[in-house]
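*Asks:* Just to be clear, the model below is a prediction. Sequence and coordinates:
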Amino acid sequence: MKTLNWVAWISFGAGCLVILLAGISLLLGKSLFGFTHIVNYFNAANSFFLITIALFIFVYRCKCTKD
């Protein structure tokens, strides 16, 4: 379970990094990594955040059943 917890935090960090890149791209006015619209950054970050939520729920549920 500790590994899944780490993967969830890494996924959260990746989502935050993508949001940060979206802000930088917006300020610079250039497209980074080939994304032409700013919405594509948020779609990518959304995927990372959904993985994070799913893993945290899974880790929490498994801890509750072991007690």
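*Replies:* Right, received. Where do you want to start?
*Asks:* What segments of this structure are strands?
*Replies:* Counting by DSSP state E, the chain has no strands at all.
*Asks:* Grab the longest helix from it for me.
*Replies:* helix 38-66 (DSSP state H).
*Asks:* now that helix: mean pLDDT?
*Replies:* Averaged over helix 38-66, pLDDT sits at 84.
*Asks:* same deal with stretch 12-20?
*Replies:* 92.
*Asks:* buried ones in that stretch?
*Replies:* Across stretch 12-20, burial judged by 16 or more other C-beta atoms under 10 Å covers 12, 14, 15, 18, 19. Every C-beta, even on glycine, is put in place using the N, C-alpha and C of the backbone.
*Asks:* if I pick residue 8, what's in contact with it?
*Replies:* 51, 52, 55, 56, 59 (C-beta atoms under 8 Å, 6 or more residues apart in numbering).
*Asks:* From residue 7, how far out is the second one?
*Replies:* With distances taken as C-beta to C-beta, to the nearest Å, residue 52 is found 9 Å from residue 7.
*Asks:* of the two, who's got more company?
*Replies:* A count of neighbours by other C-beta atoms under 10 Å puts residue 52 above the other of residue 52 and residue 7, at 20 against 14.
*Asks:* Other residues contacting stretch 27-44?
*Replies:* Taking C-beta under 8 Å, 6+ apart as the rule, stretch 27-44 contacts 18, 19, 21, 22, 24, 25, 26.
*Asks:* neighbours around the fifth one, how many?
*Replies:* With neighbours defined by other C-beta under 10 Å, the count for residue 24 comes to 12.
*Asks:* Let me see the contact set for it.
*Replies:* Counted by C-beta under 8 Å, 6+ apart, residue 24 has contacts residue 32.
*Asks:* Mind doing that once more with 7 Å?
*Replies:* Neighbour list for residue 24: empty [criterion: C-beta atoms under 7 Å, 6 or more residues apart in numbering].
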